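# only geometry, no sequence info:
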């Protein structure tokens, strides 16, 4: 069971509020600025990190809420509590970080009592919401949360997702919005098929390669005929080296995620198989896969309009032979290699000195060495 339910907030109607003087709030302001037209900042004292935000037109710096010793009740809190209460009402989000644990706790209580979502960085017990790690491919946004238990793990997952998802996904979302606007009174099944074609079919591929005119022409043709384009079968051979899933290329990872059938052997790492979608058929191969029967099976799957992936060791001679034989019999096959993990044991005991060339490119410090860009 999920410990928390994920939601996405709209900051356009009312700006979020940051309260406090802690220097860590700079990062929170930077994060909110990506989603909010305006962010309001309420300092406790006049001096602090917020002074650097004075010139930002998207930051509304409010007068400090700390009460002067001569004017406040010394038995009460060291800030204008009533003013803070008024400012919190109706906020979509309040982030609190002061230099005082007692003030943090009090401000968290004020927000919670008024049903205002509140986040106190690094203090999960005082939070009603958590700020996850974010993958920004606007308008596509992915948030990863560990419910405040392991933020570093969330950052690691974000880094892996960012390596898998190119910035083109934001552009693709815009293209799909244009496609959706054209669907009009199309049947639900045709709408679904066309949107899938725009997302992962030939139309989407054409758009991502820069041919938006041809992509939209394909969509219009589907609407005019009332028939979605027939899916095309494909065969991808993915060669892995170390077996680390994170070393797969973006293209290889995408092929695995969209595959209908995945052929592999017993040596294939579980981490790589984990990338495949749940609906895909996993087929275990014999140790020596280069057989006429396998070639026939692969070709038949492609003819049947299935997306097929075959996994193998990149330096396996049998795997390379299979690739050559598939090409020889006319199967449309592409090879998608992964990055090789560096083997530091192969480095020489003594590494020659390097110096910067005049062009800014490093070159070996050997007399008569040619300048080049072999980095």
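Here it is on my side, so go on. Predicted model, so just to flag it, every value in this text is computed and none were measured. Residues are numbered from 1 along each chain as shown.

# tell me which stretches of the chain form helices.
Counting by DSSP state H, the chain has these helices, from start to end: 25-33, 81-88, 101-113, 151-164, 168-182, 188-200, 202-208, 212-225, 250-258, 270-273, 292-303, 317-328.

# tell me the most buried of those helices?
Each of these was given a mean neighbour count from mean count of other Cβ atoms under 10 Å, and the largest, a mean of 20, is that of helix 202-208. All C-beta atoms are positioned from the backbone trio N, CA, C, and that covers glycine.

# got the contact list for that one?
With contacts defined as Cβ atoms under 8 Å, 6 or more residues apart in numbering, helix 202-208 is touched by 168, 171-172, 175, 179, 197-198, 212, 214-216, 218-219, 229, 232.

# let's see it at 10 Å
Contacts with helix 202-208, where a contact means Cβ atoms under 10 Å, 6 or more residues apart in numbering, come from 166, 168-169, 171-172, 174-176, 178-179, 194-198, 211-222, 228-232.

# distance of the residue lying closest to residue 84 once chain neighbours are set aside from residue 27?
Distance criterion Cβ to Cβ, 6 or more residues apart in numbering; nearest residue to residue 84, sequence neighbours excluded, is residue 65 at 5.7 Å. From residue 65 over to residue 27 the distance is 22 Å, taken as Cβ to Cβ, to the nearest Å.

# cool, residue 176 as well?
32 Å.

# now residue 61: closest residue in space, sequence neighbours ignored.
Ranked by Cβ to Cβ, 6+ apart and with sequence neighbours excluded, the top spatial neighbour of residue 61 is residue 41, at 5.2 Å.

# touching, that neighbour and residue 22? I think so.
No - contact between residue 41 and residue 22 fails when scored by Cβ atoms under 10 Å: they sit 11.9 Å apart.

# any common contacting residues for the two?
With Cβ under 10 Å, 6+ apart applied, the overlap between the contact sets of residue 41 and residue 22 consists of 28, 48, 49, 95.

# just give me the closest of the residues you listed to residue 241.
For residue 241, the nearest member of those is residue 28. The distance, counting by Cβ to Cβ, is 40.1 Å.

# more neighbours, residue 41 and residue 22?
The residue with more neighbours, out of residue 41 and residue 22, is residue 41; 25 against 21, by other Cβ atoms under 10 Å.

# just the pLDDT at the closest residue to residue 267 other than its chain neighbours, thanks.
The shortest distance from residue 267 to any residue other than its chain neighbours is 6.9 Å, reached at residue 313 (Cβ to Cβ, 6+ apart). Taken from the predicted model, the pLDDT recorded for residue 313 is 76.

# contact partners for residue 101?
Shown in contact with residue 101 (Cβ under 10 Å, 6+ apart): 120, 123, 126.

# any idea which of these is least confident?
pLDDT across the contacts of residue 101 is lowest for residue 123, at 92.

# now the strands for the stretch 251-375 of the chain?
Taking DSSP state E, counting those that start in this stretch as the criterion, the stretch 251-375 of the chain contains strands spanning 261-264, 281-284, 307-313, 333-337, 354-356, 362-364.

# the ones you listed: which one's closest to residue 155?
strand 333-337 (27.6 Å).

# so who does residue 33 touch?
Contacts here follow Cβ under 10 Å, 6+ apart; on that basis residue 33 touches 39, 53, 56, 58, 59.

# got the contact list for the first one?
Meaning residue 39. 11, 15-18, 28-33, 53, 56, 58-61, 93, 95.

# bridging residues for the residue nearest to residue 267?
When bridges are taken as DSSP bridges, the partners of residue 313 come out as residue 240.

# show the contacting residues for it.
When the contact criterion is Cβ under 10 Å, 6+ apart, the partners of residue 313 are 239, 240, 241, 243, 265, 267, 268, 319, 320.

# what about it, distance to residue 7?
Residue 313 is 44 Å from residue 7, by Cβ to Cβ.

# re the thing from before, the residue nearest to residue 61 and residue 104, how far apart?
According to Cβ to Cβ, residue 41 and residue 104 sit 16 Å apart.

# that's all I had, so thanks and see you.
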